[in-house]
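1. need a 3D model of the following:
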Amino acid sequence: MSPAASRTAAVRRETSESAVELSLDLDGTGASEISTSVPFFDHLLTAFSKHSLTDLRVRASGDTHIDAHHTVEDVSIVLGQAIREALGDKAGISRYGDALVPLDEALAQAVVDISGRPYLVHSGEPAGFEHHLIGGHFTGSLVRHTFEAIAFHAGLTVHVRVLGGRDPHHIAEAEYKALARAFRQAKAIDPFVHGVPSTKGAL
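-> Reported below is the predicted structural model:
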């Protein structure tokens, strides 16, 4: 893929637990239309779209009467798959991104490598964060779980650290915005990069 080629993707996934339709444009302006039936997750994905300058459209429904987990997980899987597809052969990309993002008292850092090697290192969330309900039925544990699904299916190496924070909403949103800003740098086309930015010749 040349740097001028369209970096878009559309993916659909349907299981007995959820149905997801997602499309994205990596070279967008951050426009989004998101409805996952999990309102706080919609909020996080909207932030990801805005701050990564990725146009994102998501329509999802699932068995949220049981738990938000299935729908959130499946949307994250599809988002990762779409990112991987849209990146194509990764020619001309910057590859690496690093961002430090505050939200009031919360502070999060994310580092992204579009490496082709899925890996997540995630640390620093305060004790009990994983049990906290945010926005009604989104548990704090789902933040890490979504990062795992996105990183695995997009082929990203991702490091996320929470450096401070008290309010669970602020912590989760700072983490997502940091990931978005780091991904924005990593996916950007660098005019000084010729071909794939790897000594192996492939990512």
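
2. wait, Gly195 sits on Gly92?
-> Yes: contact status for Gly195 versus Gly92: in contact at 7.5 Å, counting by C-beta atoms under 8 Å. In short, each C-beta sits where N, CA and C put it, glycine included.

3. just give me the residue right at the centre of the protein.
-> In the chain, the C-alpha nearest the mean C-alpha coordinate belongs to Ile150, at 5.7 Å (C-alpha atoms, centre = their mean).

4. residue contacts, that residue?
-> Ser76, Leu79, Gly80, Ile83, Leu156, Val158 (C-beta atoms under 8 Å, 6 or more residues apart in numbering).

5. likewise Ala172?
-> For Ala172, the contact set (C-beta under 8 Å, 6+ apart) comprises Phe40, Leu44, Ile134, Gly140, Val143.

6. for Phe40, see how far away it is.
-> Noted for Ala172: a distance of 8 Å to Phe40, by C-beta to C-beta, to the nearest Å.

7. one step back: quick one, grab the pLDDT at the residue nearest to the centre of the chain.
-> We have a pLDDT of 98 for Ile150.

8. mind checking the SS state of it?
-> Counting by DSSP: H, G, I helix; E, B strand; the rest coil, the backbone at Ile150 sits in helix.

9. state the number of residues packed around the residue lying closest to it once chain neighbours are set aside.
-> Spatial nearest neighbour of Ile150, chain neighbours left out: Gly80 (4.4 Å); criterion: C-beta to C-beta, 6 or more residues apart in numbering. Per other C-beta atoms under 10 Å, the neighbour tally for Gly80 reads 23.

10. name the helix or strand for Gly80, please.
-> Per DSSP states H and E, Gly80 falls inside helix 69-87.
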